[in-house]
Structure formats: C-alpha cells, structure tokens
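J.: Based on what follows, work out the 3D shape:
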Amino acid sequence: MLFLCTLPLPACISHSSPSYSSDQHALLSFKDSLAPANSLSDWSHNISACNWTGVSCSRRRQRVVSLNLTGMSLAASSISPFLANLSFLRILDLSNNSFQGQIPPQLGSLFRLRMLRLTDNYLSGIIPSQLGLLPNLEKLGLGANHLTGTIPSSLGNLSSLTLLDLPQNGLHGDIPVELGMLAQLHWLVLGMNNFTGPIPTTLANCTHLQILGLHHNLLTGHIPSQLGKLSELRELYLWGNQLTGKIPSSLSNCSLLELLACERNQLTGEIPCSFSNSTHLQLLDLADNQLTGTIPSSLGKLSSLTRLALSTNKLHGGIPVEVGMLTQINWLTIQRNYFTGPIPTALFNCTHLQILALHQNDFTGRIPSQFDKLSKLQLLLLWENQLSGEIPSSISNCTHLQQIYLAVNQLSGTIPLEFGKLLHLQRLILYRNHLVSGSSGLSIITALTNCSSLEHLGLSNNYLSGILPSSVSQLSKVLSSMELGANKIEGNIPSDIGNLTQLTYLGLSYNRFKGTIPSTLSQLPNLERLSMEENYLDGSIPQTLGHVKRLGYLKLSKNMLSGKIPDSLGDLPQLRYLLLDHNQLSGKIPPSLGRCQTLEKVDLSYNKLTGDIPSEVAGLPNLQFYFNISNNLLQGSLLEMSKMVMVQAIDVSFNKFSGEIPAALSSCTNLQYLNLSWNSFDGQIPASLTHLKNLEDIDLSNNNLSGGIPMAFQEMKTLQHINLSSNKLVGVVPKEGVFATLNESAIMGNIGLCGTRINFPPCPHSKQKQFLVSRKVILPLVIGISISIMSILLFLYSYRKRCTSQKTLPLTVAPMSISYEELVEATGGFMETNLLGVGSFGSVYKGILKNGTNIAIKVLNLQDEISHQSFIKECNVLKRVRHRNVIKIISACYNLDFKALVLPFMSNGNLEKCLYPQGEEECKLNLNDRLKIATKIAHGITYLHHHCFVQVIHCDLKPNNVLLGDDMTPYIADFGISKLVFGNSMDASTSTNTLKGSIGYVAP
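T.: The predicted model follows:
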C-alpha cells in the first residue's frame, strides 16, 4: 500500500476504477481455471495486474492490452471465457501450453484484438464463427490442436488479416472461397488437415500472399493456373494431396518463388521448361507423381537451386549435362525413374553435393572417378542400376561419406581397401554384384575395422571368397547388420564374432562355412535374425542360442547338423521363423517350442525326427505361414493341429502318422495348402475339409483312406489341385470343379472308384439291384468262386518251382498290385499294336486294366546285367519321388524272366512328338504353351536336384522323356540311367560312376 501511495494520483485513481477491477477479476478467474493451482503465483491482489507475468497494460488507461503466456507449461480443462472481459485486449497468446476444451466463442467480442494465437495446445471442437467478428484481427494462429469441423466462411470478413495459420488439426470440408476476400493476407497455412475438394481459384485474389501451405490434405483437381498471379509468392506447399493434371507453366510468373513442393500427388505431364525463369528457386520437389518426359536442360539456369527432387516418377532419358551448372545444389534425388545412359561427369561440378540419389534407374557404364571434387558428399545412392566396371577408389576422398549404396548392379573387381579411410561411414551396401576378393582374400574386412561408425555391412550375393578373418570381431562396436550370404566364403566361423554385441542381423547363408556353430553367438543380446542355411556346418545346435532372447529368425536349413533340437529354443519369446529343414537332426520335437507363442513359420522337414507331435507344438495358435515336418519318422495322430487356426500351409507328408484325419482341421480357416500324403491315415476323408474356403492344394495320396470322395470338394472355388491317389477310396468320382480337369495320376490306385471319366467303370444306377439277387443265384456263385480259388492255389503251387521269384514289387508308392497275367491281358499279350515306343533299356506298351484304367507298361530288356540294375534303381527312386511334374509309379512286377514298371498312361504322348510332329500328328504348341511346359519341367528338375530325398541327376533329359498329360501337364520320366548322389547316410556304392545319356545328349 505504501508503494501505491507513492504513485502519481492518476495512477492511484486508475487502479481503483471499475474498468481496472474488471480486468483484474477476469485475469484472476482465468488463473483459477489453471492447473496446478500455484501457476502464475505472482498473480495476486498484492501486486498490480500490469506487473503480473505475461500481462501488459496501456500507459494512459492502465488497461490490459496484451496477455502473452506462450510456453508457460500451463494446463486447463478449458480456456476461461472471462478473458472476453478484457475489452482493451489486443494480443492474446496462449500458444505452446496444454489447454483443452473448445475455443470460447466469447472471444469474438474482443473487437480490439489484433493477434489471437492458440497454437500447440489440445483444443478441440470447432472454430467459432464469432471469430469472424474481429475487425482488427491481423494474425490468427490455431495450429497443432485437435480442432474439427470446417473453416467458418465468416473468417473471410477479417479484412485486416495478414496471417491465417491452421495446420495440424482435424479440419475437413472444402476450403472456403471467402478466403479469397482476405486481400491483406501474407501467410495462409492449412496443411496437415483433412480438407477435400479443389483449391479455390479465389486465392489468386490474395495478391500479397507470400506463403501458401495446403499440404497433406485430401485436395483434388488441378493446380489452378491463376496461382501464377501471386507475384509476391515465395513458398508454395502442395505436397501430399490427390492433385492431378499438369503443373501450370504460369507458376514461373511467380518470379520471387523460392520453394515449390508438389511431391506425393498424382500430377502428370512434363516438367515445365519455363521454371528456368524462377531464378530465385532454391527447392524444387516434384517427387512421387506420374510425371513423364525428360529433365529440361533449362533447369541448369536455376543458379540458386539447392535441392532438386524428382524421384518416383516416369521420367526417362539421360541426366542433362546442364545439371552440372547447379553449383549450389546439395541434394539431387532422382531415384525410381527410367533414366538411362551414363552418369555424366559434369555432375561432379556440383561441389556442394551432400546427397546424390540415382538409385533404381537404368544407368549404365562405369561410375565416374572424379569423386575428389565432392568433398561434402554424405550419401551416395546408386543401387539397382546397370552400372559396370570397378568401384572407383576415389570414393574414399569423400571423407564425409556416411552411406554407400552400390548394390544390385554389375560391378566387378575388388572392393577398394581405401574404404577403410571413411571414418564416418555408417552403411556400406554392395550386395548383388560381381565383386571378388582377389589375391588378398577378405582383407576388406580388416580394412573396415577403422570405420568406427559402421552400422550396416551388406556384401551378400557376390563372388567373395577366402576365409572369414578373425578381425571380423574388431569391426565397429555399433555394427548392427552384417550380411555376407551367397558368396564363396569358407572355413570356420570365428568364435570371436560374439564380440559384435550390437548385431541384430547376421547373415552367413549360402556359403561354404564348415565346422560347428559358435556357442559365442549367445553373447549377442540384440541379435534378431540369424541366417546360416546352405553351408557345411555340422555338430549340434548350441543350447546357448536360447540365451539370445530377441532372436526372431533362426535359419539353419540345409546343413549337416545333427543331434537333438535344443529344448532351450523354447526360451526365445520373440521367435517367429524356425527353419531347421534338410539336416540330420534326430530325437523328438521338444515340447518347449510350444512356449514360442510368436512362431509364424516352422520347417523341420527332411530330418530324422521321431515320436509324436507334442500337443504344445501342435497347438501353436499364432502360426501364420506354414508348418512343415515332412520327410521324418514321426508318428501318432494330428488331433491337436486343429488349434493352428491361422496357419496357411501344413505339410506332414512322408512320415508314419496314422489314425483318422481329424475333422477338426476345418478350424484352420486360413489353410491354403494341406499335404498328408505318404502316411498311414485310415478312415474316411472328413467332409469338414470342404469347409476350408481358402484351400488351394490338398494331397491325401498314399494312405489307407476308405469310403467315398466328399462331393463338396467339387464346389470349392479356390481348390486348384487335389491328389487322392493310392488309397482305398470307393464310390463316385465327382465331375465338377477341380475334378473337371483332374489328371488321371491324381486319383489312380483306388480300385473301388467309379464314374464316367478317367476310364473308371460306370457306377450302378440303383443300389437296390445289389440286394435283389436271389439265394438260388448266390449259392452257386459262392461255390463256383471257391472252386476257382482252389484251382488257382493248386496252379500256383505247381508253378512255384518254375518261377519262384515272380512277384509284385512291394512299393510304398501305391498299394495297387498288378500281376503278370493282368499285364498280359491288358496288353493283349504285348501285341505290337499296343507298342508305344522302344528305348535303350526296353519297350513301352499301352494297356487297359479290367476296371478300364489306361496304363503304360515299361518292359525292360534282359540282354545284360545293367537292365536289372537299372530296374531296381528306378524303382527305388520312383517309389519315393513325389512331385506334380515327375512321373509316378503305379506298380511294378518282376521275376527271373520279366521286369516291368506300370505307369500312368499319358494320352498326349511325349514332348518330342509335339515339338517335331510327323505326318498327321496334331499337337500344336504356341509360345505360351512352350513357356508353361518349360517352367514346369524346370520345377521338376529343381525338385530332383535339390528337394528330393536324394539328389537325382537325370542324365538323359530330352523331349522324348517328357510325357504330356491330358491337360498338357509335363511329367519327367525314364530314370533308368539316373545317377543318385546319396548323402552320408546312404551307401555310396549304389551310385553310378559314370554319367552317360543318349547319343548326342547334352546336359541341361
């Protein structure tokens, strides 16, 4: 009070005036709404309101004219409407706080207000239309809130407005045409909302506009050519919309334009040459559109340009040499286009370049060597082109380089050891080239130990060779990814690799590594992906891998690993891919894997696993992609597998599973591929399998299934392939759906089937006829059959001495047994009219069995011992080979005087007759047919070479040995001269020592 009394009298009178009190009361009411309660602690009755934090008063009247509380960390559930009582207020700035609620419409009564700034809060609701009643308002900033609704058209009445800033909200609707009435507007930013519709042409009336930001909305239509009238425009942001049409050449009339950002739209047409008139242009970003044509050479006149971004368009041609005139440019990003030709050396005149991104184009030729001019270069991105030649060592002169991407080119030679001088290098990505190690081996690894910032090293898919040096453990302590796969690296994996503790990805697959998997990998706590497939690794899988808690991908396929699957793998809570196929693993599947609830893909196929599928594993609920345990020695039932409700593919083929197929498998609603073949399943095919609406391929062949084929299979629209062969199925073969084009081999070996196609016997019209036979007929028939059986037994007993070895080969490939007598009857005594062809090891006859099934009988010659060996070999192969493009065996018969294979009959003969037709043969193949046949043959050969139970080298692959089914599907046949390359578990003596095919044969 003493202080107040010392003031001049007018001031004392002012403080006690009603107007002053109302201002103070309004401010204190505002303070009461704040949290925490001690906010603005100096706002009290003991201090003049004009001295409060953020408050400014007029000199004469001592009325509050400014309230600026920006960045004060204030919070409130709403902005107090009492602020509207500050009738002399000119500036209200509450930006960068935590105010919530709606904007008080009462603020529209502050007719003296010139600036209203509420940006960067948590305000919601609509923009009050009352704000359009502020005649003196010059700046309105409401950005970075949660405002919704539309922009009130009343804002067009703010004739004094120079700044309208509304970005980063949830505003929607059209941009009001009334904004074109704001003749004094300098700044209009509406970006990062949900505005729709076209850009109003009326904005061209805002002739003083300097910054126009309409980016990141849903605007459509063309860019108005009228915007070219904005002669004062400096920055135009239109990126991230759905704008179409051409870029208006009239924009070049904006002679002061410094920034044009139109990326991420759907703009078409060419880049206007007239842009060369915009000499002040510093940034031109037209990326992510559908622009065509070439880069105008006139852009070289933009001497102020610092950034040129044209990536992800449909531009073509070469880089104009005039680009080298852009001496101020520091970003040049033209990736993902169709540019061709060499990289011009003139580009290296751009000495300020920091980012050079030319990747994913069709550039050819060598990489220029003038990198000593680009001393400021930080990113060199040239990957996925057609560049050739050696990598210039001069790149090492760019001492600020952080990233080098040269992958997916045709680069050759060695990796420059000078790269070790790049102390700031973070990424070196050179995969998929033709790089070699040279005489120094993998010395590049040692050189890179100087790059202390290296985070990613990608050298895969090259021809690097030599032993991985122990210096690999001395690479950067921040190295997170090292990919060396698909090279020719050999030797042991250094145990010190465990020192790279920041590794998240270690890729060593498709090399020649040998020895054991280092147990020190457990020292890599951040490892997420470990790929070591297709090497020569042996020994057991380290138990310590269970300590790598972040491991999500474990790929050890196609090695020589043995022993049991470690229980500790169940301790990997983030494991998604577990690929251990094609090894020599034994023992049981550990139940602990059931704890890996994130597993999406499991492949344990082609091992020696035994026992049942643990219920914990069979019930993995999140398995999404496939579960493959085929080609093992597993047994038991599949009942629990119905819990894999998300799995897309299940393959349990070539095991010893038995019992009925669980009807509950229909719970696996995402299932697309189901292979239960080559097991001992019995019972009927569950009709519930037809409820799998996504099923495309099902193989139930070579089991003991009985009963009929569920007719609903033919109604499954997604089903493309079905194989039910070699079972005990009976009844009608469906005609529709997948069965309409079904190949004969996919259903053979079921003697109880009937129908009107695939040469099955006709089905009886009425079942009642089977039960109306009188006893007078049945009794004599039974007696007659009994006498016949006795006669046959006596005949066989007397014949035993003459032919003790005649028998049907006991193949697991098919339960169907065909005797020599049936073959004689089927071929009419092997008449010449049924002779299909003669090969180097025998003759092939056509036959028809009693049930109407067409077959082909391959009878082997007996002139020498090789025929016997060839026969046994082909049987051993064919009885286990399973592929839709490799011929299947139905049965086999042999004795001392006769050896024959029974195969499916192919009505279209062999490929040679279609490629070289003679006489009246009608078999025309167009280019598309030939391509399909060649592709399917390649699939079959790939299976024989890489995925069969043993590697099979055909040695006589020719058109004559490729048979064509009813739908022209090719089947590779004739394994009589195949060489079988067995693994360590097989007897090497069974392998032939010489590879020899037909005369004139050339290996594929």
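
J.: so what's the residue nearest to Ser278 when sequence neighbours are not counted up against?
T.: Closest residue to Ser278 apart from its sequence neighbours, by CB to CB, 6 or more residues apart in numbering: Leu257 at 4.9 Å. The C-beta positions use only the backbone N, C-alpha and C, and glycine is treated the same way. Listed by CB atoms under 8 Å, 6 or more residues apart in numbering, the contact set of Leu257 reads 233-236, 251, 278, 280-281.

J.: any idea of the pLDDT on Ile79?
T.: Looking at Ile79, its pLDDT stands at 96.

J.: helix, strand or coil for the residue nearest to Ser278?
T.: Assigned with DSSP: H, G, I helix; E, B strand; the rest coil, Leu257 falls in the coil class.

J.: From here on, call the first residue 481.
T.: Renumbered: residue one is now 481, and that last one reads Leu737.

J.: And it, what's its pLDDT?
T.: Per-residue confidence (pLDDT) for Leu737: 97.

J.: Need phi/psi at it.
T.: Here is the backbone geometry of Leu737 (degrees, to the nearest 10): phi -60, psi 130.

J.: Wait, Leu922 touches Ile947, no?
T.: Yes. The pair Leu922 and Ile947 passes the contact test of CB atoms under 8 Å, sitting 7.1 Å apart.

J.: what about the two, which has more around it?
T.: Taking other CB atoms under 10 Å, Leu922 and Ile947 do not tie; Leu922 has more neighbours (23 against 14).

J.: can you pull the contacts of the more buried one?
T.: Per CB under 8 Å, 6+ apart, neighbours of Leu922: 944-949, 969.

J.: and if we set it to 6 Å?
T.: 946, 949 (CB atoms under 6 Å, 6 or more residues apart in numbering).

J.: next one: Ile835
T.: Residues counted as contacts of Ile835 (CB under 6 Å, 6+ apart) are 811, 859.

J.: bridging residues for it?
T.: Applying DSSP bridges to Ile835 gives these bridge partners: Trp811, Leu859.

J.: Distance check, the residue positioned nearest the centre of the chain against Leu670.
T.: Centroid-nearest residue in the chain, with CA atoms, centre = their mean: Phe1105, separated by 12.5 Å. Note on Phe1105: its distance to Leu670, by CB to CB, to the nearest Å, is 45 Å.

J.: same deal with Glu618?
T.: Taking CB to CB, one finds Glu618 at 18 Å from Leu670.

J.: quick one, which of these two is more surrounded?
T.: Leu670 (24 against 17).

J.: isn't that one right next to Leu646, touching?
T.: Yes. With contact defined as CB atoms under 6 Å, Leu670 reaches Leu646; the gap is 5.3 Å.

J.: Report how many residues lie close to Ser553.
T.: Ser553 has 10 nearby residues by other CB under 10 Å.

J.: Any chance of the backbone angles for it?
T.: phi 60, psi 40.

J.: What sits closest to it if chain neighbours are left out?
T.: Asn577 (6.7 Å).

J.: Give me the number of neighbouring residues for that neighbour.
T.: Residues near Asn577, counting by other CB under 10 Å, number 22.

J.: Do you know the pLDDT at it?
T.: Turning to Asn577, the model gives it a pLDDT of 97.

J.: Against Gly605, how distant is it?
T.: Computed as CB to CB, the Asn577 to Gly605 distance reads 17 Å.

J.: Same check on Leu689?
T.: 28 Å.

J.: go on, Ser560?
T.: Between Ser560 and Gly605 the computed distance is 16 Å (CB to CB).

J.: Tell me which of the two has more neighbours.
T.: Ranked by neighbour count (other CB under 10 Å), Ser560 and Gly605 place Ser560 first, with 21 against 14.

J.: Sketch out the helices for the chain, chain order is fine.
T.: 482-485, 489-495, 498-512, 923-927, 1095-1098, 1255-1279, 1300-1306, 1345-1358, 1391-1395, 1407-1422 (DSSP state H).

J.: Distance from the last one to the middle of the chain?
T.: Same thing as helix 1407-1422. Relative to its parent chain, helix 1407-1422 has a centroid offset of 26 Å by CA atoms, centre = their mean, to the nearest Å.

J.: next one: the fifth one
T.: The gap between the average C-alpha position of helix 1095-1098 and the chain average comes to 28 Å, counting by CA atoms, centre = their mean.

J.: With that, I have no additional questions.
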